[in-house]
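Student: one predicted model, sequence on top.
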Amino acid sequence: MELRDRVAVVTGGANGIGRALARRFAAEGARGVVVADLDGDGAQAVADEIGGRAVRCDVADEAQIIALVDEALAAYGQLDVMASNAGIGVGGGPEAPNADWQRVWDVNFMPHVYAARAAVPAMRERGEGYLLGTVSAAALVNHIGAAPYAVTKSGALSFYEWLAIAHGDDGIAVSALCPQGVRTNMLAEEARTGRSMLQAGAIEPEQVAGTVVAAMRDETFLILPHAEVAEYVRRKADDYDRWLRGMRRLRDRVVQGEAG
Ligand SMILES: NC(=O)c1ccc[n+]([C@@H]2O[C@H](COP(=O)([O-])OP(=O)(O)OC[C@H]3O[C@@H](n4cnc5c(N)ncnc54)[C@H](O)[C@@H]3O)[C@@H](O)[C@H]2O)c1
């Protein structure tokens, strides 16, 4: 899909990857970009900059996603691209409190379901639309410091695969964006809390947005701004146990690094 004259909604659009997507969609000639975020002022600032509309929206609340889609339809008459991007990082393992597991599920997984539920009917009717989910490379190769995060991202990837299978023949394109480190507030927060293994190869959100727009043109399902992730996935599929041994060694190095 070409973005020119299209209408897009971007959640988590006030910062980081979402802001870069909103800016890039506008630069590509989108007719309307709705910037949605829990941070209403941040969303407004981005919307003002690109001539879009801002909506304060908590994606964990389905009613607010329904209202967001309704607003895009009312303002622009159609919705071409639903970019479900908002997300949070939650670290730890099974010892992480239930409240944290629930929160990351509510923000990183269910909003993709709400977004599809709200956007797909009108897209199916028109025989056209694009569902773009910001997932993570953690969905493919896990995240050694953050089980709750990795689990929600694997769930999200599975959901987008399902959508692509179910709706690919309805004219609805589906892509799952799976970056490794991207220099945003989320990565800065990871570095602050010690889980900093992704800093080294981190790229800028603008680079991610460029990769996304190119992939959307071709309607490629899996978007990998870090090309090396494809090789990690191949190695994992070739020999799962070898891959797990490698991940244990990586974990040891990170733990030793944190201790030192
Ligand atoms: N930065 C990375 O290294 C990286 C890597 C892979 C995937 N991702 C994913 O990219 C997406 C964007 O993250 P980012 O790195 O740009 O982080 P970020 O913190 O810079 O931006 C996230 C935005 O989402 C908003 N947000 C958080 N909770 C929300 C909610 N409940 N409702 C609405 N908005 C909410 C925040 O206000 C913020 O503006 C996330 O899904 C994240 O998991 C990030």
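Tutor: Arrived safely.

Student: mind jotting down where the helices sit in the chain?
Tutor: Secondary structure of the chain (DSSP state H): helices located at 16-27, 40-50, 62-76, 98-108, 110-126, 138-141, 147-167, 185-192, 205-218, 228-238, 240-259.

Student: buried deepest among these, which one?
Tutor: With neighbours defined as mean count of other Cβ atoms under 10 Å, those peak in mean count at helix 16-27, which reaches a mean of 24. Using the backbone N, CA and C atoms, a C-beta is placed for each residue, glycine as well.

Student: near the ligand, which residues of this structure?
Tutor: 11-12, 14-18, 37-39, 42, 57-60, 85-88, 107, 134, 136, 179, 181-182, 184-187, 198 (Cβ under 6 Å from any ligand atom).

Student: which of these are buried?
Tutor: Buried members of these, scored by 16 or more other Cβ atoms under 10 Å, are 11-12, 14-18, 37-38, 42, 57-60, 85-88, 107, 134, 136, 179, 181-182, 184, 186-187, 198.

Student: related to what we said a few turns ago, and the helices of the chain as TSV, adding distance to Ala173 and mean pLDDT?
Tutor: Compiled in TSV, the helices of the chain are given as follows (distance: least, Cβ to Cβ, whole Å; pLDDT from 0 to 100):
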stretch	distance to Ala173	mean pLDDT
helix 16-27	15	98
helix 40-50	23	98
helix 62-76	17	97
helix 98-108	22	98
helix 110-126	10	97
helix 138-141	19	98
helix 147-167	8	98
helix 185-192	26	87
helix 205-218	7	98
helix 228-238	20	97
helix 240-259	30	90
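
Student: now these in TSV, with distance to Arg6?
Tutor: Shown next, in TSV, are the helices of the chain (distance: least, Cβ to Cβ, whole Å):
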stretch	distance to Arg6
helix 16-27	8
helix 40-50	14
helix 62-76	9
helix 98-108	26
helix 110-126	12
helix 138-141	26
helix 147-167	18
helix 185-192	27
helix 205-218	10
helix 228-238	28
helix 240-259	39
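
Student: which one of those lies closest to Asp5?
Tutor: Nearest to Asp5 among those is helix 62-76 (10.4 Å), distances taken as Cβ to Cβ.

Student: the closest one vs helix 110-126, what angle?
Tutor: Interaxial angle, helix 62-76 versus helix 110-126 (axes from the mean of the first three to the mean of the last three Cα atoms, to 10 degrees): 40 degrees.

Student: put the alpha carbons of helix 62-76 into CSV.
Tutor: Extracted as CSV, the C-alpha positions of helix 62-76 are listed here (Å, rounded to 0.1, in the frame of the first residue of the first chain):
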residue,chain,number,x,y,z
GLU,A,62,-11.5,-1.2,24.5
ALA,A,63,-14.1,1.6,24.6
GLN,A,64,-11.4,4.2,24.0
ILE,A,65,-10.1,2.2,20.9
ILE,A,66,-13.7,2.1,19.5
ALA,A,67,-14.0,5.8,20.1
LEU,A,68,-10.6,6.3,18.4
VAL,A,69,-11.6,4.4,15.3
ASP,A,70,-15.0,6.3,15.2
GLU,A,71,-13.2,9.6,15.4
ALA,A,72,-10.9,8.7,12.5
LEU,A,73,-14.0,7.6,10.4
ALA,A,74,-15.9,10.7,11.4
ALA,A,75,-13.0,13.1,10.6
TYR,A,76,-11.8,11.5,7.4
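
Student: and the residue of the stretch 51-200 of the chain nearest the ligand?
Tutor: Gly87 (2.2 Å; Cβ to the nearest ligand atom).

Student: and that residue, how far from Lys236?
Tutor: Per Cβ to Cβ, to the nearest Å, Gly87 is found 23 Å from Lys236.

Student: go on, Glu219?
Tutor: In terms of Cβ to Cβ, Glu219 sits 25 Å off from Lys236.

Student: with Ala36 instead?
Tutor: Distance, Ala36 to Lys236, by Cβ to Cβ: 34 Å.

Student: hang on, isn't Arg31 packed against Val7?
Tutor: Yes. With contacts counted by Cβ atoms under 8 Å, Arg31 reaches Val7, the gap being 5.7 Å.
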